[in-house]
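> Predicted model and sequence below, questions to follow.
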Amino acid sequence: MESFTAGLISLEDAQAKMQAQLKPITDSLMVSLAEAAGRITASAIQSPIDVPSFDNAAMDGYAVRLADVAAGVPLPVVGKAFAGAPFNGDWPAASAIRIMTGAPVPAGCEAVVMQEQTTLQDDAVTINAAVTAGQNIRRVGEDVRAGALVLAAGVRLGAAELPLLASLGIAQVSVLRKLRVAIFSTGDELRPVGEPLEAGQIYDTNRFTVSLMLNKLGCEVVDLGIVKDDPAALRAAFAEADHQSDVVISTGGVSVGEADFTKAMLEELGAITFWKLAIKPGKPFAFGRLASSWFCGLPGNPVSAAATFYQLVQPMLAQLTGQTRSPLPTRQRVRAATRLKKSPGRLDFQRGILQRTANGELEVSTTGPQGSHIYSSFALANCFIVLERERGDVEPGEWVEVEPFNTLLEG
């Protein structure tokens with residue numbers, strides 16, 4: 001085992017080396033809120049207004065002054081206030097005003113009594129519950145104060161953030177430009193998806209998978225297709241990719257076969273930070289620098305390519321766009337429901353099914369065979385089972401760490 005894992009670096013060391021070198025892009029542009037979904041804020045956003053901008057009713061009921069409320073004493077209802085149509089008349093003493101949710105409270109109002117705690121008869125309302133100052137009134141700035149920080153720089157804008165900006169009247173937002181990522185696959189055996197296969201050929205699913213993931217992450221994809229196992233062709237592909245992009249991602253050619261030229265080409269044209277990780281799947285993963293771009297060489301096996309993209313490339317792209325929140329979900333400890341096969345030596349990301357038992361406890365089971373060519377395991381899974389580097393087989397009932405899939409793999 002020692003000779004097999006010699007020279008391999010841990011996932012944590014690989015992530016640290018990447019994080020130490022990467023610098024976020026700073027180019028920005030203004031876009032409308034309708035165009036901002038999935039984009040990253042380029043600068044902090046402050047609220048231009050108070051929210052709410054006026055005191056208003058939190059529910060349907062009656063606006064009252066505390067001095068007018070007495071048990072069993074009806075109050076004449078002298079007016080109505082609606083959202084968008086406030087009560088602006090004179091408000092006589094010892095009376096109440098009918099008010100609807102969201103309506104501005106009349107001047108002098110000290111409480112709103114919900115209608116379920118009242119009795120209305122002959123245009124007079126009787127209060128049937130104790131009344132306290134300020135109840136059911138939303139105060140100015142209770143949600144957001146004018147000038148308050150709403151969103152920091154480096155926040156991905158989604159269904160939680162964009163409506164918040166809309167509620168503040170913000171119609172445009174400064175976002176970072178999209179990362180440009182060039183992708184290509186290497187291998188004489190590869191054929192584009194949809195074309196007929198000849199003897200010994202396979203479909204280029206990795207480039208298709210990586211392109212889907214990059215689009216989901218909001219990147220601008222430059223697809224350079226399939227590059228043959230030829231040094232001249234590979235050199236030309238690297239040069240074009242480096243010229244056009246911030247990040248270059250290749251799949252295949254980083255192993256130890258006689259036709260695996262990617263690593264040698266990277267050493268010629270740039271600098272390799274690390275190659276070979278102590279993880280499974282995904283040992284042959286390369287990271288380095290070209291003249292104008294960063295480079296990631298993914299393994300050729302489909303599961304290995306997807307797993308290393310998820311665990312290493314995804315956080316890298318987030319860092320390059322200045323995102324402050326890690327895209328990787330928090331891991332949690334649950335019990336294994338099935339036996340898990342593992343050999344000590346590498347950190348293992350097995351595909352699992354996380355679910356609740358009849359008594360409400362979480363447990364995880366395997367999707368079945370875990371070979372790096374069995375991509376169907378991703379279609380069945382909803383999490384990674386993360387097994388420690390020196391751990392061996394896991395028996396049912398043992399505690400394991402799981403990492404639920406984020407939206408990149410959820411569908």
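Done, it's in.

> rest of the way, CA atoms for contacts and neighbours
OK.

> where does residue 270 land on pLDDT?
Reading off the confidence values, residue 270 has pLDDT 87.

> go on, residue 3?
The predicted local confidence for residue 3 is 44.

> Name the spans of the stretch 101-250 of the chain whose pLDDT lies under the cut-off.
Residue ranges of the stretch 101-250 of the chain with pLDDT under 70: none are present.

> So which residues of it form helices?
Applying DSSP state H, counting those that start in this stretch to the stretch 101-250 of the chain gives helices spanning 161-167, 205-216, 231-244.

> want to throw the ones you listed into TSV with distance to residue 347 and mean neighbour count?
Output for the helices of the stretch 101-250 of the chain, formatted as TSV (distance: least, Cα to Cα, whole Å; neighbours: other Cα atoms under 10 Å):
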stretch	distance to residue 347	mean neighbour count
helix 161-167	36	15
helix 205-216	22	18
helix 231-244	31	17
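
> Residue 34 belongs to a helix, doesn't it?
Yes - judged by DSSP: H, G, I helix; E, B strand; the rest coil, residue 34 forms part of a helix.

> Next one: it relative to residue 144, how far apart?
22 Å (Cα to Cα, to the nearest Å).

> So for these two, which residue has more residues nearby?
residue 144 (20 against 9; other Cα atoms under 10 Å).

> Surely the more buried one touches residue 46?
No - between residue 144 and residue 46 there is no contact under Cα atoms under 8 Å: 9.7 Å.

> so what's in contact with the two at the same time?
Residues within reach of residue 144 and of residue 46 at once, by Cα atoms under 8 Å, 6 or more residues apart in numbering, are residue 150.

> ok, which stretches of the stretch 151-300 of the chain are strands?
172-176, 180-186, 190-191, 202-203, 220-227, 247-251, 271-275, 279-280, 286-289, 294-298 (DSSP state E, counting those that start in this stretch).

> Only alpha carbons, please: show the strand ranked longest in the chain as PDB.
If you go by DSSP state E, the chain has its longest strand at strand 347-356. Taking Å, rounded to 0.1, in the frame of the first residue of the first chain, the C-alpha atoms of strand 347-356 are listed here in PDB:
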ATOM      1  CA  LEU A 347      -9.700   9.100   0.700                       C
ATOM      2  CA  ASP A 348     -12.700   7.500  -0.900                       C
ATOM      3  CA  PHE A 349     -15.800   9.300  -2.300                       C
ATOM      4  CA  GLN A 350     -18.300   6.500  -2.700                       C
ATOM      5  CA  ARG A 351     -21.700   7.300  -4.200                       C
ATOM      6  CA  GLY A 352     -24.500   6.800  -1.600                       C
ATOM      7  CA  ILE A 353     -28.200   7.100  -1.000                       C
ATOM      8  CA  LEU A 354     -29.000   9.200   2.100                       C
ATOM      9  CA  GLN A 355     -32.500   8.700   3.500                       C
ATOM     10  CA  ARG A 356     -34.500   8.600   6.800                       C
END
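
> what's it packed up against?
strand 279-280, strand 362-366, helix 376-380, strand 383-387 (3 or more Cα pairs under 8 Å, 6 or more residues apart in numbering; DSSP states H and E).

> Point out the one among those that comes closest to residue 116.
Closest approach to residue 116 among the helices and strands packed on strand 347-356 (Cα to Cα): strand 362-366, 41.3 Å.

> and that closest one, which strands flank it?
Note on strand 362-366: by DSSP bridges, its sheet partners are strand 332-336 (parallel), strand 347-356 (antiparallel).

> which other residues reach the last one?
Translated: strand 347-356. Against strand 347-356 from outside (Cα under 8 Å, 6+ apart): 10-11, 278-281, 307, 342, 362-367, 370, 377-378, 380-390, 404.

> Give me the buried subset of those residues.
Buried members of those, counted by 16 or more other Cα atoms under 10 Å: 10-11, 278-281, 307, 342, 362-367, 370, 377-378, 381-389, 404.

> What residue, apart from its backbone neighbours, is nearest residue 266 spatially?
Of all residues not flanking residue 266 in the chain, residue 272 sits nearest, at 6.8 Å (Cα to Cα, 6 or more residues apart in numbering).

> I misspoke; the intended subject was residue 42.
residue 175 (4.5 Å).

> any low-confidence regions in the stretch 301-411 of the chain?
By pLDDT under 70, the weakly predicted segments of the stretch 301-411 of the chain are 411.

> So for residue 109, which of the helices and strands packed on strand 347-356 sits nearest?
So among the helices and strands packed on strand 347-356, strand 362-366 is nearest, using Cα to Cα, at 50.6 Å.

> Between strand 383-387 and the closest one, find me the angle.
Using axes from the mean of the first three to the mean of the last three Cα atoms, to 10 degrees, the direction of strand 362-366 lies 80 degrees away from that of strand 383-387.
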